[in-house]
Structures are given as C-alpha cells and as structure tokens.
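Colleague: Please work out how this folds:
(one chain, ligands or ions: 1)
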Amino acid sequence: MEKYVIRGGKQLHGEIEVSGAKNAAVAIIPAALMVDGVCRLENIPQISDADMLMTILEHLGAKVRAVNSNTVDIDCTNVRYTDAPYDLMRKIRASYYLIGAMLGRFGAAKTTMPGGCNLGARPIDQHIKGMNALGADVEVAGGFVYANTPDGKLHGARIYLDKVSVGATMNIILAASMARGRTVIENAAKEPHIVDLANFLNSMGADVRGAGTDSVKVNGVERLHGGSYTIIPDQIEAGTYMVACAAAGGEIRIKNVIPRHLESISAKLREMGVTIIEGEDSVVVKSSGKLHRVNVKTMPYPGFPTDMQPQVATALCLAGGTSVITEGIYDNRFKYTNELRKMGAQIQVDGRTAVIEGVDRLTGAPVAACDLRAGAAMVIAGLCAEGTTYVEDIHYIERGYENFVGKLRSLGADIALVSEPDEPGSIKSASAG
Ligand code: EPU
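Modeller: Numbering: from 1, shown residues only. Predicted coordinates:
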C-alpha cells in the first residue's frame, strides 16, 4: 500500500508550474477519436485518468505515441467500432465522453455507466436527453449505455438542459460537431474547459460558437482533420496550491495559470486575509497562515468551484471564527469531514451545509483520501497539522494531480510517498464494511 507521510508545520516558499487541466484533457482525449488524422496534444497532465483514456483509445485502434512527458500524438485514422476495455471505462467519470465521440464517429456507441468520485447521485439523464434530441436511441441496461442512430448519423437539434451540467454540455458539443445541421445548447455550462474543448474541436475543423456562454451553437461538419493543440492550465490544481499556501503560510509563485479562471478562488482567499498578486500568467500567494472566517457557496462557473470546496473547508478549520460552507452542486461532498475530525477539526454537517468552528491547531493522524479533492484536502490538513499525518488511498489523488508530492516538496513541504505491504488493522481494512 502506498501512502503519503506528511510532517506538518512548514511554511511553503518557492515556485511551481501548474500542469494541463484534467477536466479539459479528459474530454479532449476522447474527442481525438473523432479526428481523421493525427492530433498532437500538448500540456497533457501526467495523471491516471488521462492515461486510462489513452489506453481505451488504443483498444479502439488508435495509435498513441508519447512525444515527451506532456505531449502525445494520437492518430485515430484507423479506429474501428469495437468493444472497449469496460473495466477501465467503469473507473472513470469521463468515459461518458466516449458516448458523444463514438456517436459522432461511428453513429453508434457502447460504454459502461461512468465511474468517478462518489459524491452522491451523479445521473447522466441530461447527456441522454441531448443524444436523444440529436436522433440517437439510448438504452441503459446491465451497467452499459447503448446508443444507436437509425440512419448512422446524428441530426442537429435545439436542446435546453434542465440542469447546468459540465459533462452534458461537453458531450453534446462532441456529438453535435459531426451531426448534420445546427445544434443549439441552451442553459449550457460555462467552465473554462468547455471553451477549451470547443477551441480544440474548432482547430480540427469543427464549427462551435458561443462556448463559455450559456448558449452554445454547433454547426456539424463532415470530417475533423488532424492538428496540434495545447491544453489550458488546470484551474483546480492552481487553486489547490493557492489554498495550501494560504493555510500553511508562506509565499509562493504559481506559474502557467490563467488568472481570470482563478477569480472566484482569489476573491475568497483575499476575504480570508491572504494576499494574491496576479501577473499575466502567474499568481503570487502570500499568507501568514492566520486566516479570517468566511462563508462559501459552490456554484457553476464563474461561481466558486465545487472542486475547491474540500480544500478551502480544510483551510477554514484553522481560521478565526465560524465559517459556513454550502455545497451547491453535489448531494454528498462532505464525507471527508469525518477524516478532518480525526485531526481535531470542529465541523458539523447537515445535508449540503457544513458549519466549521475554527480551532487553534490540527494534529497529525492516519486519514484516508475519500476522493480526488478530498485527498488534496487531507494533504493540506497534514501540511498545517502538528505532528505526522498519513494519507491513505492516494490513488484517488493521482487521478488528478501530476507529481503532487514532487511539487509540494519543491515548495519546502515535508511530504514523502512511502510504500509498505498491506497490514491487518490498516485504515483500509478497518473501515471496510
Ligand atoms: N447532473 C444531473 N444530470 C446529468 C448531469 C449532471 O442531474 O445528466 C447533476 C449532477 O448530479 C451534479 C450536477 O448536475 O449534481 C453537476 O454535474 P456536472 O455534469 O456538471 O458534473 P460532471 O460532468 O459529472 C465534472 C467534473 C467534476 C466537477 C463537475 C462540476 C469531469 C470528468 N468531472 O463532472 O470534477 O466536479 O464537472 O464542475 O469533468 C473533480 O475534478 O474532482 C470532479 C469531480
């Protein structure tokens, strides 16, 4: 079993560079399936979700070649409609993008129901509604999603999403890119990775307009051609380091960011008493580690991102006063608070609201990463705690953070990845059932 061992109490100092955005990469890699030719993708993060998606494409006949550690060439010229490795698909949320991409390319798709972090019910009804509107018959049976088109083609349509959904917006954009005619998606999500997917598709010959607004128009094209594209920096990775520095104290420069994408996070940190200085493509974070209480409500972009909620809640455990966190996206994104309580945090959770009483100190403890962002939050807690924190189930963290330990160590954190055999009585076996 691998775990992180963190000796807390060190301030963070220095510079790090943010990797490519996970939630853009996990849509753009499946999108490459629709391209007749070679896509060169630059700034691909080295994370397990991206690796799994490239393996799935290889099973479908794609040639994937690493050019360097963050650049790959994906050639989908000879892909075929065949069974994909379902055990891999099941593990990741973003496998749902293969529905849109396969429908666009083959006029049919078979995938598993998507996996991903367990944050409460995560239906895909809006994806299915979109595919139905484009003319696909979609059936969910036995854990699989089957989608077919009667005449082998999708047809443009007007689609109003009942819920603002990142995944449904991107999936419909994918499918509509190669549909016949014009599609309009109303009440679309506006996250930066939606704009990035649209830019990627347009650079390969698609015609997607209005991405980043709540009304996206897609004029379907016959064919997408090869090209080269650089993925945007990861807003959530940058935000995680910003909060880590805010909580642990210190001064860091985070490079390769788009400061506009970080506005809601920077604004909240300023309210907490942290100094944020924005450069053209970097931010400097300065913090004494003494934070003010704030309230936080997560919302779709440009609101405060749900994917930063566990990290900021962790920082607020050490702020002066009472903070209230309202989770606006998911039913169940507070499981990690049980782990923080083991470290001395004072948090009451009622449904989608958590009330945090700031305490003077957290103490190191063995804790588990319950999901990707919860895992990042445990690491932040460990950086601030007195004593040693052991974070288990770190495979969740590796799904979305490239070289997390290396980057934190370069900022002076005392964190190490250790491997040891599973033992009876470890957190994993103790919490089973
Ligand atoms: N929803 C529906 N029906 C749908 C789709 C979504 O009811 O058909 C609901 C969801 O249950 C949720 C809300 O709508 O309550 C928003 O879900 P959304 O579709 O926007 O999320 P997602 O596509 O499943 C992506 C990211 C998540 C991130 C959310 C919100 C990927 C692979 N995942 O998920 O990322 O939290 O958008 O920004 O892009 C993470 O990176 O840690 C992560 C969980």
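Colleague: rest of the way, CA atoms for contacts and neighbours
Modeller: Noted.
Colleague: Buried residues, the helix or strand that contains Lys268. List them.
Modeller: Per DSSP states H and E: Lys268 is located in helix 263-271. Residues 263-266, 268-270 are the ones in helix 263-271 that count as buried (16 or more other C-alpha atoms under 10 Å).
Colleague: Ok, stretch 308-325 next?
Modeller: Buried-residue list, stretch 308-325, by 16+ other C-alpha under 10 Å: 308-320, 322-325.
Colleague: Filter those residues down to the ones in helices?
Modeller: 309-316 (DSSP state H).
Colleague: Which residue comes closest to the most centrally placed residue in the chain once chain neighbours are left out?
Modeller: The chain has Asn23 as the residue nearest its centroid, 4.5 Å off, counting by C-alpha atoms, centre = their mean. Excluding the flanking residues, the one nearest Asn23 by C-alpha to C-alpha, 6 or more residues apart in numbering is His193, at 6.4 Å.
Colleague: Repeat that for Asp307.
Modeller: Arg373 (6.3 Å).
Colleague: okay, now the one you found: neighbour count?
Modeller: 26 (other C-alpha atoms under 10 Å).
Colleague: Test my guess that it contacts Val312.
Modeller: No. Assessed by C-alpha atoms under 8 Å, Arg373 is found out of contact with Val312, at 10.4 Å.
Colleague: so which strand or helix has the residue of the chain positioned farthest from its centre?
Modeller: Distance from the C-alpha centroid of the chain, by C-alpha atoms, centre = their mean, peaks at Asp151 (35.1 Å). Counting by DSSP H and E, no helix or strand carries Asp151.
Colleague: Ok, Ala175 next?
Modeller: Assigned by DSSP H and E, Ala175 falls in helix 166-177.
Colleague: Could you see whether the ligand lies near stretch 283-297?
Modeller: No. Taking C-alpha under 6 Å from any ligand atom as the criterion, stretch 283-297 and the ligand are apart, separated by no less than 13.3 Å.
Colleague: what does stretch 259-266 give?
Modeller: No. Judged by C-alpha under 6 Å from any ligand atom, stretch 259-266 stays clear of the ligand, getting no closer than 13.0 Å.
Colleague: CA-only coordinates of that stretch in CSV, if you can.
Modeller: Coordinates of each C-alpha in stretch 259-266 appear next as CSV, following Å, rounded to 0.1, in the frame of the first residue of the first chain:
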residue,chain,number,x,y,z
PRO,A,259,-5.6,34.4,-13.5
ARG,A,260,-9.1,35.1,-14.9
HIS,A,261,-10.0,31.4,-14.3
LEU,A,262,-9.0,31.8,-10.7
GLU,A,263,-11.0,34.9,-9.8
SER,A,264,-13.6,33.3,-7.5
ILE,A,265,-10.8,31.5,-5.6
SER,A,266,-8.6,34.6,-5.4
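Colleague: so how far is that stretch from its chain's centroid?
Modeller: Distance, stretch centre to chain centre, for stretch 259-266: 16 Å (C-alpha atoms, centre = their mean, to the nearest Å).
Colleague: try stretch 49-68
Modeller: Going by C-alpha atoms, centre = their mean, where stretch 49-68 is centred and where its chain is centred differ by 19 Å.
Colleague: now swap in stretch 252-260 and tell me
Modeller: 18 Å.
Colleague: Give me every residue in the stretch 101-250 of the chain lying close to the ligand.
Modeller: So the stretch 101-250 of the chain meets the ligand at 121-127, 163, 165-168 (C-alpha under 6 Å from any ligand atom).
Colleague: 5 Å - rerun?
Modeller: 122-126, 165-167 (C-alpha under 5 Å from any ligand atom).
Colleague: Quick one, which of those has the minimum pLDDT?
Modeller: Least confident of those in the model: Arg122, at 84.
Colleague: burial measure for Val418, as a count.
Modeller: 11.
Colleague: and what of Asp87?
Modeller: 9.
Colleague: is it true that it lies in a strand?
Modeller: No. Under DSSP: H, G, I helix; E, B strand; the rest coil, Asp87 falls outside any strand and is assigned helix.
Colleague: any idea how far the residue nearest to the centre of the chain lies from Lys153?
Modeller: Look at Asn23 and Lys153: by C-alpha to C-alpha, to the nearest Å, they are 27 Å apart.
Colleague: ok so, going back, which element is the residue nearest to the centre of the chain on?
Modeller: helix 22-31.
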